[in-house]
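# Prediction below, plus the sequence it came from.
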Amino acid sequence: MKHDQLRAIAHNVAASVCEVSFLVGVYDTRIGEALSNTPAGVITADFLQGTVDPPVPGSPFALAVSLMPTALPELCAKHRVPVSAFCELSARYTMGIEGLRTTVIVLDAQGHRSETEYGGLSSQRVRSLDSLGRLRPKPLKRSRV
């Protein structure tokens with residue numbers, strides 16, 4: 001299984017709970033409201049377990065995340081990927097000056113781990129300047145566990 005394919009699935013899952021989640025049937029997740037109710041303004045969602053840290057009880061966002069473990073097998077089957085290919089599938093959401101930022105974290109069964117940063121409600125890859133001053137997608141953080 002290609003790690004980039006797992007990253008693409010993880011991005012789809014993380015982006016689907018940002019505003020409208022057709023995947024789990026929650027049509028207004030109110031992620032901004034959930035982020036404003038946390039002390040540090042950061043929420044980490046574990047999509048394999050369906051948990052949110054810190055807990056945001058009664059939030060539509062937390063409801064969407066809690067429903068994700070039951071929707072994940074169907075999504076993975078469409079991509080011909082077993083859910084067991086993921087050892088970790090989570091996202092860290094923050095709200096800053098630039099708007100919503102999402103860092104998608106994937107750990108696969110081979111021990112490859114990556115963190116990819118996305119920005120905005122449209123969940124586009126965050127861009128940064130390279131050494132020659134060109135605007136490029138921000139490099140991934142990759143590691144081997």
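Perfect, thanks for sending it.

# Any buried residues in the lengthiest helix in the chain, and which?
Ordering each helix of the chain by length in residues (DSSP state H) puts helix 60-78 first. By neighbour count on 16 or more other Cβ atoms under 10 Å, the buried set for helix 60-78 is 60-69, 71-72, 75-76. Glycine gets a C-beta too; all of them are placed from N, C-alpha and C.

# Equivalent analysis for stretch 99-108, please.
By neighbour count with 16+ other Cβ under 10 Å, stretch 99-108 contains the buried residues Leu100, Arg101, Thr102, Thr103, Val104, Ile105, Val106, Leu107, Asp108.

# These in strands, which ones?
Secondary structure from DSSP state E places Leu100, Arg101, Thr102, Thr103, Val104, Ile105, Val106, Leu107, Asp108 of the buried residues of stretch 99-108 in strands.

# helix or strand for the nearest residue to the third one once chain neighbours are set aside, which one?
Translated: Thr102. Distance criterion Cβ to Cβ, 6 or more residues apart in numbering; nearest residue to Thr102, sequence neighbours excluded, is Tyr118 at 4.6 Å. Here Tyr118 is covered by strand 112-119, with elements defined by DSSP states H and E.

# Next SSE downstream of that strand?
strand 124-125.

# coming back round to it: can you get me a residue count around the residue nearest to Thr102?
When neighbours are defined as other Cβ atoms under 10 Å, Tyr118 has 21 of them.

# I figured it hits Ala15, correct?
Yes - Tyr118 sits in contact with Ala15 when judged by Cβ atoms under 8 Å, with a separation of 7.3 Å.

# contacting residues around stretch 61-81?
1, 5-6, 8-9, 12-13, 16-17, 21, 23-26, 29-31, 33-34, 43, 45-52, 55-56, 82-83, 85, 89 (Cβ atoms under 8 Å, 6 or more residues apart in numbering).

# Next, Arg30: phi, psi?
According to degrees, to the nearest 10, the main-chain angles of Arg30 amount to phi 50, psi 50.

# Give the full set of residues in contact with it.
Contacts of Arg30 by Cβ under 8 Å, 6+ apart are Ser59, Pro60, Phe61.

# Next: Lys138.
Glu117, Arg125, Val126, Arg127, Ser128.
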